[in-house]
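Asks: Predicted model and sequence below, questions to follow.
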Amino acid sequence: MQKTISNQGDYGRKPEVFYGYCYRIQGMRMMNVDDYLDNLKEGYSQIQAYSLGIYRAPATYRHGTSHDCGCGDDKHDYDSCCDCCICDGDVLIEARCSERRIVSLTFSNDGRRKRDVTLSLSSFTTASGRDLGWTASLSETKFQLGPCEEKVVQLVVNINCSAFNTGDNGSTASAGSDDAGNPRRQDVDRCEVAYARVSADGCISRPVVVAVAVLPNTCDSHVSSCNCACC
């Protein structure tokens, strides 16, 4: 009887013959072909995300309005107060003063290893970095992602326009003041943009930038005429 010798067991072991950077231990080590390809893919993903963050051009969003906002002064390079200049943002939502908005963020693990993810949320600030004092929170801050698994997390933010409005002396109103007692603070003179960053330790290398464009109440408003005559 002829005896057949198989080397299948040797191939199944996949010996560690590749030396490279491992993102799991954040250091160099020997890896088999599967580990090496997973880390190589992770490296390309991080390079792509970093490149998109650098070369993302500022975006301008225009919203229709039938009102003359009168914002064309020398201080702001806008055609109207309904134009929003977004410096940077992965997620953009539109809002009005005193609204409570919910933003859904999906985190995906396209690798073969489990990932322990920890989320952190920065405060909402203007483009110059001024803290607006908004109340915001994440529905979850710690979770585990299995291979090819996704997780949806909700960001809840309360839009407080008091920090956008200034008094006659140029001082900024307190973010904790009562908006209901002052109708002036229920609106903004022009589109104002707030930014926050959601960092996901263990999942992504670059924070997710959330931009909230706060529009004046007149933007995109429906106009109902009281009669059929022309003005």
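Replies: Here it is on my side, so go on. As the structure is a prediction and not an experimental result, all values here were calculated from the model. Numbers count the residues shown, from 1 in each chain.

Asks: Look up the pLDDT of Leu105 for me, please.
Replies: The per-residue pLDDT reported for Leu105 equals 95.

Asks: State the number of residues packed around it.
Replies: Close neighbours of Leu105, defined as other Cβ atoms under 10 Å, add up to 18. C-beta: built from backbone N, CA, C; applies to glycine.

Asks: what's the answer for Ile159, then?
Replies: 23.

Asks: residues in contact with it?
Replies: 95-101, 134, 212, 214 (Cβ atoms under 8 Å, 6 or more residues apart in numbering).

Asks: Those: which two are farthest apart?
Replies: Arg96 and Trp134 (13.9 Å; Cβ to Cβ).

Asks: Return the members of the contacts of Ile159 classed as buried.
Replies: Buried members of the contacts of Ile159, counted by 16 or more other Cβ atoms under 10 Å: 95-97, 134, 212, 214.

Asks: quick one, what contacts the closest residue to Thr135 other than its chain neighbours?
Replies: Excluding the flanking residues, the one nearest Thr135 by Cβ to Cβ, 6 or more residues apart in numbering is Asn158, at 4.6 Å. Each residue near Asn158 by Cβ under 8 Å, 6+ apart is listed here: 99-100, 134-136.

Asks: the strands in the protein, which residues?
Replies: 18-22, 27-31, 59-62, 83-86, 91-95, 100-109, 115-121, 136-138, 142-145, 149-158, 192-201, 208-214 (DSSP state E).

Asks: Next one: Met31 from Lys41, what distance?
Replies: Separation of Met31 from Lys41 (Cβ to Cβ, to the nearest Å): 13 Å.

Asks: Comparing the two, which residue is more hemmed in?
Replies: Met31 (20 against 13).

Asks: mind listing what the more buried one touches?
Replies: With Cβ under 8 Å, 6+ apart, Met31 has these contacts: 16, 18-20, 22, 39.

Asks: gap between it and Gly202?
Replies: Plainly put, Met31 is 19 Å away from Gly202 if you go by Cβ to Cβ.

Asks: next one: Glu16
Replies: Distance from Glu16 to Gly202, by Cβ to Cβ: 24 Å.

Asks: Show me which of the two is the more surrounded one.
Replies: More crowded of Glu16 and Gly202, by other Cβ under 10 Å: Gly202, with 18 against 13.

Asks: So, low pLDDT: which residues of this structure?
Replies: 1-14, 48-79, 166-185, 228-231 (pLDDT under 70).

Asks: make it 50
Replies: 1-10, 54-59, 64-78, 167-181, 183-184 (pLDDT under 50).

Asks: circling back: any chance of JSON lines for the buried ones among the contacts of Ile159, columns distance to Asp35?
Replies: Formatted as JSON lines, the buried ones among the contacts of Ile159 follow (distance: Cβ to Cβ, whole Å):
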{"residue": "Ala95", "distance to Asp35": "45"}
{"residue": "Arg96", "distance to Asp35": "50"}
{"residue": "Cys97", "distance to Asp35": "51"}
{"residue": "Trp134", "distance to Asp35": "43"}
{"residue": "Val212", "distance to Asp35": "41"}
{"residue": "Val214", "distance to Asp35": "47"}
